[in-house]
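Undergrad: A structural model of the following input is requested.
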Amino acid sequence: MTRQMALVGFLQAQNCTNLPSSWRHPESRDDSMSADYYQEIGRILESGKFHMAFFDDRLAMPDRYGSDHAHTVEYGIRCVKMDSHRGADHDGAATEKLGLASTCSTTYYEPFDVARRFATLDLMTGGRAAWNVVTSVNDGEAHNMGKDAHLEHDLRYDRADEFMEVVLGQWDSWEDGSLLIDKKSGRFADPTKVKRLDHKGKFFKSRGPFTVPRSPQGHPVVIQAGASGRGQRFAGRWGEVIFTAARNLASAKQGYDAIRTEAAKAGRDPDQMFLCNLVTPVPGATKAEAEDKMALIEKLPLEIDALSLLAEALNYDFASKPIDEPLTTEELQGMQGMLGMRDGVLKTSGKTNPSARDFVTFSGRGQIQDAIVGGRRRSPTGWKKCLRAAVAMVCDRCDIRAGVLC
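TA: Okay, the predicted model is just below:
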């Protein structure tokens, strides 16, 4: 079967790219809080034939390390986190075909609100909207949103399952052909084709009727990135685009098979999903130029970047003990947030009780690892074609249907 690769630009509305040290690069732009910054990114992605601009998000700056935000602000470790919806809006204003994805948490938002936001964007952009579904990761987000502590990992996904039922139920409450807009008869829409949801569940109540008519494509695309066992089950049930970050071929295939298996268990066709694995390209006109670029990039990260982002992602204070002291089994079991990251470190390191330094080394957090570094060789079409070819090579190798670039 012939498959088409999808290219997704992985973005964040903040002072740096996915690499937290990128703002330190001598050639990086200093206006990451301006509209022009995101509009230019959108234009570049569209000219490079990307399918989507995808904005990840958090509801707190990293402050779990040492229970303080001072290091985050001082070293610019993703300390700015603007509304990802506005980033997608500005990308959309500067483009015509580029998909526009932003993030909303099922733990801290209400389903009707999320359904309306994305349905509106979908209508106003001609069917280009996508929602990145997250459950959030740490206590900092809970505190900012008026909660004492972040929900336990599996409970967050139980809540998220019901959240999805409500959102999709509201999106589907306007049937195809509901709109009439018949000025002669004075009839705007067919009331028999617009239903009230009347959802009453364990976590949510949502009545309706929904206030945004159905878009031509039905509803926005659903993006998910669950990596733990429970997260993969959620992704297999709901996700249409699945973001993964496998570090090698073996783990990529394992994750690919797991997601497809979960989709089949949920009664879905796994071939209707796009699994997008993280790819980091460092291109240049020549291989030597690309290698020089990479050498400079490798000088940018600091150890505190990785420690801060690990503490954020796993909701655990890595400053609580010396960096080379092994973590106890109880401490490892007490971690929350992105448990797929914890499990990946345990598996890759081969250690039952890794240290904080092992987490830095084997997680890749805050660093550039496994980048594709190279030039265009003899190709006259430039680095963009080489980049696409490089991603295609990775996708074919991993049997994954799409590449995500950061």
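Undergrad: Strands of the stretch 1-150 of the chain, residue ranges please.
TA: In the stretch 1-150 of the chain, the segments counted as strands under DSSP state E, counting those that start in this stretch are 6-12, 52-56, 99-105, 129-134.
Undergrad: and what of the stretch 251-400 of the chain?
TA: Counting by DSSP E, counting those that start in this stretch, the strands of the stretch 251-400 of the chain are 274-279, 281-283, 372-374.
Undergrad: Throw the strands of the stretch 1-150 of the chain into TSV and include mean neighbour count and distance to Trp174, thanks.
TA: All C-beta spots, glycine's among them, are computed from the backbone N, C-alpha and C. Output for the strands of the stretch 1-150 of the chain, formatted as TSV (neighbours: other C-beta atoms under 10 Å; distance: least, C-beta to C-beta, whole Å):
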stretch	mean neighbour count	distance to Trp174
strand 6-12	23	28
strand 52-56	26	25
strand 99-105	26	20
strand 129-134	24	16
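Undergrad: Tell me which of these sits nearest to Ala371.
TA: Each of the strands of the stretch 1-150 of the chain has some distance to Ala371 by C-beta to C-beta; the shortest is strand 6-12, at 13.8 Å.
Undergrad: and the closest one with strand 274-279, angle?
TA: For strand 6-12 against strand 274-279, the angle by axes from the mean of the first three to the mean of the last three C-alpha atoms, to 10 degrees is 60 degrees.
Undergrad: So which of the strands of the stretch 251-400 of the chain is the most surrounded?
TA: strand 274-279 (a mean of 24; mean count of other C-beta atoms under 10 Å).
Undergrad: For the strands of the stretch 251-400 of the chain, give me a markdown table that also has mean pLDDT and distance to Ala149.
TA: Shown next, in a markdown table, are the strands of the stretch 251-400 of the chain (pLDDT from 0 to 100; distance: least, C-beta to C-beta, whole Å):
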| stretch | mean pLDDT | distance to Ala149 |
| --- | --- | --- |
| strand 274-279 | 88 | 30 |
| strand 281-283 | 91 | 39 |
| strand 372-374 | 91 | 40 |
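Undergrad: right, and the strands of the stretch 1-150 of the chain - which one's nearest Lys293?
TA: Of all the strands of the stretch 1-150 of the chain, strand 6-12 comes closest under C-beta to C-beta, at 18.5 Å.
Undergrad: so what strands line up beside the closest one?
TA: Strand 6-12 sits in its sheet next to strand 52-56 (parallel), strand 402-405 (parallel), going by DSSP bridges.
Undergrad: Let me see the mean pLDDT of stretch 202-211.
TA: In this model, stretch 202-211 has an average pLDDT of 97.
Undergrad: From the opening residue of that stretch to its closing one, how far?
TA: Start and end residues of stretch 202-211 are separated by 24 Å (C-alpha to C-alpha, to the nearest Å).
Undergrad: Confidence-wise, which of the strands paired with strand 6-12 is weakest overall?
TA: Of all these, strand 402-405 carries the lowest average pLDDT, namely a mean of 38.
Undergrad: so who does Arg357 touch?
TA: When the contact criterion is C-beta atoms under 8 Å, 6 or more residues apart in numbering, the partners of Arg357 are Ile323, Asp324.
Undergrad: hmm, try it at 10 Å
TA: Contact analysis of Arg357 by C-beta atoms under 10 Å, 6 or more residues apart in numbering lists Glu303, Ala306, Leu307, Phe318, Pro322, Ile323, Asp324, Glu325.
Undergrad: Indicate which one of the strands of the stretch 251-400 of the chain is closest to Phe118.
TA: Once the strands of the stretch 251-400 of the chain are compared by C-beta to C-beta, strand 274-279 is nearest, at 18.1 Å.
Undergrad: gap between the residue positioned nearest the centre of the chain and Cys104?
TA: When C-alpha atoms, centre = their mean is applied to the chain, the residue found nearest the centroid is Asp56 (4.4 Å). Asp56 is 12 Å from Cys104, where distance means C-beta to C-beta, to the nearest Å.
Undergrad: quick revisit: kindly reformat the strands of the stretch 1-150 of the chain as JSON lines containing distance to Val221.
TA: Formatted as JSON lines, the strands of the stretch 1-150 of the chain follow (distance: least, C-beta to C-beta, whole Å):
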{"stretch": "strand 6-12", "distance to Val221": "11"}
{"stretch": "strand 52-56", "distance to Val221": "8"}
{"stretch": "strand 99-105", "distance to Val221": "7"}
{"stretch": "strand 129-134", "distance to Val221": "4"}
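Undergrad: so which of those gets nearest Ala227?
TA: When the strands of the stretch 1-150 of the chain are compared by C-beta to C-beta, strand 129-134 sits nearest Ala227, at 11.9 Å.
Undergrad: Ser22 contacts Gly76, correct?
TA: Yes. Using C-beta atoms under 10 Å, Ser22 is in contact with Gly76, at 9.5 Å.
Undergrad: check contacts around Met52.
TA: Counting by C-beta under 10 Å, 6+ apart, Met52 touches 6-11, 45, 88, 91, 98-101, 128, 130, 221, 223, 241, 274, 276, 402, 404.
Undergrad: let's see it at 6 Å
TA: When contacts are counted by C-beta atoms under 6 Å, 6 or more residues apart in numbering, Met52 touches Val8, Gly99, Ala101.
Undergrad: how about those in a markdown table, adding distance to Arg159 and pLDDT?
TA: Supplementary listing: the contacts of Met52 in a markdown table, determined by distance: C-beta to C-beta, whole Å; pLDDT from 0 to 100:
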| residue | distance to Arg159 | pLDDT |
| --- | --- | --- |
| Val8 | 27 | 94 |
| Gly99 | 27 | 96 |
| Ala101 | 22 | 96 |
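Undergrad: If we only consider those, which is nearest to Arg214?
TA: Nearest member of the contacts of Met52 to Arg214, counting by C-beta to C-beta, is Gly99, at 18.5 Å.
Undergrad: Wait, that closest one touches Ala129, no?
TA: No. Assessed by C-beta atoms under 6 Å, Gly99 is found out of contact with Ala129, at 7.8 Å.
Undergrad: where along the stretch 301-406 of the chain do the helices fall?
TA: Along the stretch 301-406 of the chain, the segments classed as helices by DSSP state H, counting those that start in this stretch run 303-314, 329-333, 339-349, 356-363, 383-398.
Undergrad: how about low-confidence regions in the stretch 1-150 of the chain?
TA: Where the stretch 1-150 of the chain drops to pLDDT under 70, the residues are 1.
Undergrad: Swap in 90 and give it another go.
TA: The model of the stretch 1-150 of the chain has pLDDT under 90 over residues 1-6, 17-18, 137.
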